[in-house]
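Peer 1: Okay, structure incoming, though there's no sequence with it:
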């Protein structure tokens, strides 16, 4: 990024110099300049100011993305709506160019709506600026991904630039003097990767850019009502009981475009993931996109205590930091945990209650739905557990 920043600084200095000279002329000679000259200078200042804003914005985005500090608000996004809004904005200034849109209704992705709009805007801008007059935008769902293509009928990108196309400041002979920060395709790649997507180029029938994004998980059957609210608790007697409530909780979150953090035993992860597959949700794909976050309850059960008590510093460094990382990238998320149950069933009731208190403190700092699960024998009292929670969702 150092060479990129040097080039952008150079461009900004040039733009600032032009702005200073124009402003100086207006300041010194505002009484004597002809109206036409004043109009020319003010129009040029407006144009150059906009260019400077874009340069700064693009440099900031590229810098944040490179350092893993890009703010995201991942959620369910309809590409159909994104494309419709973008084309409506551009329609009045298309001139002789034409944009056709073919986006499937089920092209629903898990992405940041602002960032994916930026990706599409950059690709369409490049197609209109450097390509042919006819641009096509298509999106279709393919398995666990949605494939977005932007195609134009121009002559394509020179072969010697293709390998470095998504680097900064890659210009062909036709692109010089046409505007832009030189960071557009670099930012497209960075944004796609930040949202667990990809971007590629090929020159079939002109220029075609193909981006993929994680598809929104869509269950193939109706789910039980969503019980995510506050700090709730579920009781179970058999693995089948647990699976029924857990699958509904996790699947509702995934289908809503939320991140779901699940701290369960390996055996219960297997039960959950098999049940998700049975209703058409691919847990491996959701995990790859960062939407489904499995944690090993057995390992956490061993690591969180220090002596005879839960170590709050360990809890904050493990669970607290995990939750905060999720909150920085997802508009909404929920969590499930059965670590407390492992303490309860091993007759360490005080550790279960201390861990519940840690979760409650974390939720006061950063509110999110949390479902805890306990295995109870028939007739076993759960009074102390119920007192730690807002709601009992099943018994």
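Peer 2: Sure thing, it's come through. Keep in mind the model is a prediction, meaning the values are calculated, not measured.

Peer 1: And the residue nearest the centre of the chain?
Peer 2: Of all residues in the chain, the one closest to the mean position by C-alpha atoms, centre = their mean is residue 74, 3.4 Å from it.

Peer 1: so what's that residue bridging to?
Peer 2: Taking DSSP bridges as the rule, residue 74 bridges to residue 330.

Peer 1: what pLDDT does it get?
Peer 2: We have a pLDDT of 97 for residue 74.

Peer 1: Please list all residues in contact with it.
Peer 2: By C-beta atoms under 8 Å, 6 or more residues apart in numbering, residue 74 lies in contact with 110-112, 195, 257, 259, 290-291, 329-331. From N, CA and C alone the C-beta is placed, and that goes for glycine too.

Peer 1: what do you get for residue 166?
Peer 2: Residues near residue 166 by C-beta under 8 Å, 6+ apart: 185-186, 188-189, 199, 201.

Peer 1: ok so, going back, just the buried ones from the contacts of residue 74?
Peer 2: With burial judged by 16 or more other C-beta atoms under 10 Å, the buried subset of the contacts of residue 74 is 110-112, 195, 257, 259, 290-291, 329-330.

Peer 1: Mind checking which of those residues land in strands?
Peer 2: 110-111, 259 (DSSP state E).

Peer 1: low-confidence ranges in the stretch 251-395 of the chain?
Peer 2: For the stretch 251-395 of the chain, the stretches flagged by pLDDT under 70 are 394-395.

Peer 1: Can you tell me what sits against stretch 241-249?
Peer 2: 223-228, 234, 236, 262, 264, 268, 271-272, 275-276, 279, 334, 336, 371, 373, 375, 393-394.

Peer 1: Columns distance to residue 151 on top of the buried ones among the contacts of residue 74, output as a markdown table?
Peer 2: Shown next, in a markdown table, are those (distance: C-beta to C-beta, whole Å):
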| residue | distance to residue 151 |
| --- | --- |
| 110 | 24 |
| 111 | 21 |
| 112 | 24 |
| 195 | 21 |
| 257 | 28 |
| 259 | 33 |
| 290 | 29 |
| 291 | 29 |
| 329 | 31 |
| 330 | 32 |
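
Peer 1: And those residues, which is closest to residue 31?
Peer 2: Using C-beta to C-beta, residue 112 comes nearest to residue 31 of the buried ones among the contacts of residue 74, at 50.3 Å.

Peer 1: Count the neighbours of the residue nearest to the closest one when sequence neighbours are not counted for me.
Peer 2: Computed as C-beta to C-beta, 6 or more residues apart in numbering, the closest residue to residue 112 that is not its neighbour in sequence is residue 72, at 4.6 Å. By other C-beta atoms under 10 Å, 16 other residues sit near residue 72.

Peer 1: what about the strands in the stretch 151-300 of the chain?
Peer 2: Using DSSP state E, counting those that start in this stretch, the strands found in the stretch 151-300 of the chain span residues 198-202, 207-214, 231-236, 259-264, 292-296.

Peer 1: What helix or strand is residue 323 located in?
Peer 2: Per DSSP states H and E, residue 323 falls inside helix 321-329.

Peer 1: Mind giving me the packing neighbours of whichever helix or strand comes after that helix?
Peer 2: Toward the C-terminus, helix 321-329 is succeeded by strand 333-337 as the next helix or strand (DSSP H and E). If contacts are counted by 3 or more C-beta pairs under 8 Å, 6 or more residues apart in numbering; DSSP states H and E, strand 333-337 sits against helix 239-255, strand 259-264, helix 321-329, strand 370-375.

Peer 1: tell me the most buried of the ones you listed?
Peer 2: Among the helices and strands packed on strand 333-337, ranked by average contacts under mean count of other C-beta atoms under 10 Å, first place goes to strand 259-264 (a mean of 25).

Peer 1: List of residues touching that one?
Peer 2: So strand 259-264 is contacted by 74, 246, 250, 253-254, 269, 272, 286, 290-297, 300, 319, 322-323, 326, 329-330, 332-339 (C-beta under 8 Å, 6+ apart).

Peer 1: 7 Å - rerun?
Peer 2: Strand 259-264 has contacts (C-beta atoms under 7 Å, 6 or more residues apart in numbering) with 250, 253-254, 272, 291-295, 297, 300, 322, 326, 330, 333-339.

Peer 1: One more: stretch 310-326?
Peer 2: Here stretch 310-326 has contacts from 259, 261, 293, 300, 303-306, 333, 335, 351, 354-355, 358, 362, 366, using C-beta under 7 Å, 6+ apart.

Peer 1: Okay, now the unreliable bits of the stretch 101-250 of the chain?
Peer 2: Ranges of the stretch 101-250 of the chain meeting pLDDT under 70: 164, 168-182.

Peer 1: just the helices in the stretch 1-150 of the chain please.
Peer 2: 2-29, 35-66, 79-90, 113-130 (DSSP state H, counting those that start in this stretch).

Peer 1: Would you convert the contacts of residue 74 into TSV that also reports distance to residue 25?
Peer 2: Listed next are the contacts of residue 74 as TSV, based on distance: C-beta to C-beta, whole Å:
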residue	distance to residue 25
110	52
111	46
112	43
195	46
257	53
259	54
290	53
291	55
329	48
330	51
331	48
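
Peer 1: Of those residues, which is the nearest to residue 120?
Peer 2: Using C-beta to C-beta, residue 111 is the member of those that sits closest to residue 120, with 10.6 Å.

Peer 1: just checking, that closest one touches residue 211?
Peer 2: No. Applying C-beta atoms under 7 Å, one finds residue 111 not in contact with residue 211, separated by 10.2 Å.

Peer 1: check contacts around residue 373.
Peer 2: Residues near residue 373 by C-beta under 7 Å, 6+ apart: 234, 236, 242, 338, 341.

Peer 1: Same check on residue 251?
Peer 2: 219, 223, 276, 279, 281.

Peer 1: again, only this time at 8 Å
Peer 2: By C-beta under 8 Å, 6+ apart, residue 251 lies in contact with 217, 219, 223, 276, 279, 281.

Peer 1: One more: residue 149?
Peer 2: 136-139, 208-211.
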